[in-house]
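J.: curious how this folds, go ahead:
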Amino acid sequence: MPQSISVVIVEDHEATLKGLKAELSAEDDIEVLGIANCSSTGLKLAEDLTPDVILLDLHLPDSAGPKTLTQKFCANPKTSVIVFSGDSRTAILNLVLSSGVAGYLLKSEPITRIVESIREVAAGKAPVISKELMQNARPKTTKTEEHLLKMLAKGMKYQDIAAARVVAPETVRKQVDALVEKLRLNSREELIAWAVENGYGNLDLDQ
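T.: Model prediction:
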């Protein structure tokens, strides 16, 4: 049997905290090592237990603010942090993503999505973000980048894109790598998949 995913939950709302603990503990591959209702206790648990994943409420009564809070919890590279919050503001989302969190889920998410996200993050897939926030989490793309995304989504190879844009294939590779980084993806393959999923393959190249 594969090793279970160890989790610590930090949440100041008692009913939510107990509900999450019960639901997550019911999963065969997830072990809740501890729970806390404030950041100080949560940080102590994180330090003592080194869980695989911390599910972290963003607004705790004893925290100094979202950025400082997430930076402290993200200090240990062996632990991944998923923010679990009712705050859907784009500024807050981008702020904590820059702190190194592995995910940002809204409290409106069903438990199945929370469980799925914990598994994804434990497997090294990050960031995981609530779908309704996904577009807000992505930086705005330029017209040139949009055109490149359309070509990639239509299955065009680097050589074909280079010929169409009258540039060297190496230039296309660099542009693709820059887009991968800008959109916070992990590979060129993920970029192509993202472009397809977001409908770029259905758009006219001349638009």
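
J.: where does pLDDT dip in the protein?
T.: For the chain, the stretches with pLDDT under 70 are 1-2, 135-138, 206-207.

J.: for the residue at minimal distance from the centre of it, which non-adjacent residue is closest in space?
T.: What sits nearest the mean C-alpha location of the chain, by Cα atoms, centre = their mean, is Pro127, with 2.0 Å. Closest residue in space to Pro127, ignoring its immediate chain neighbours: Gly103 at 5.3 Å, by Cβ to Cβ, 6 or more residues apart in numbering. C-betas here are computed from N, CA, C, even on glycine.

J.: quick check, the one you found in contact with Ser85.
T.: No - counting by Cβ atoms under 8 Å, Gly103 does not reach Ser85; the two are 10.8 Å apart.

J.: look at these two and report which has more neighbours.
T.: Taking Gly103 and Ser85 together and counting by other Cβ atoms under 10 Å, Gly103 has the greater number of neighbours (25 against 20).

J.: bridging residues for the more buried one?
T.: On the basis of DSSP bridges, Gly103 is bridged to Ile82, Val128.

J.: what separates it from Glu146, distance-wise?
T.: 27 Å (Cβ to Cβ, to the nearest Å).

J.: same deal with Asp62?
T.: Going from Asp62 to Glu146 by Cβ to Cβ gives 44 Å.

J.: show me the contacts for the residue nearest to the centre of the chain.
T.: 97, 101-104, 137, 184 (Cβ atoms under 8 Å, 6 or more residues apart in numbering).

J.: same thing with Glu146?
T.: Contact analysis of Glu146 by Cβ under 8 Å, 6+ apart lists Tyr200.

J.: export the one helix or strand it maps to as PDB, just CAs?
T.: Secondary structure from DSSP states H and E places Glu146 in helix 143-153. The C-alpha trace of helix 143-153 is given here as PDB (Å, rounded to 0.1, in the frame of the first residue of the first chain):
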ATOM      1  CA  LYS A 143      -1.400  40.200 -28.900                       C
ATOM      2  CA  THR A 144       1.800  38.500 -30.100                       C
ATOM      3  CA  GLU A 145       1.600  36.000 -27.300                       C
ATOM      4  CA  GLU A 146      -2.100  35.300 -28.100                       C
ATOM      5  CA  HIS A 147      -1.100  34.600 -31.700                       C
ATOM      6  CA  LEU A 148       1.500  32.200 -30.600                       C
ATOM      7  CA  LEU A 149      -1.000  30.400 -28.300                       C
ATOM      8  CA  LYS A 150      -3.400  30.000 -31.300                       C
ATOM      9  CA  MET A 151      -0.600  28.400 -33.400                       C
ATOM     10  CA  LEU A 152       0.400  26.000 -30.600                       C
ATOM     11  CA  ALA A 153      -3.200  25.100 -30.000                       C
END
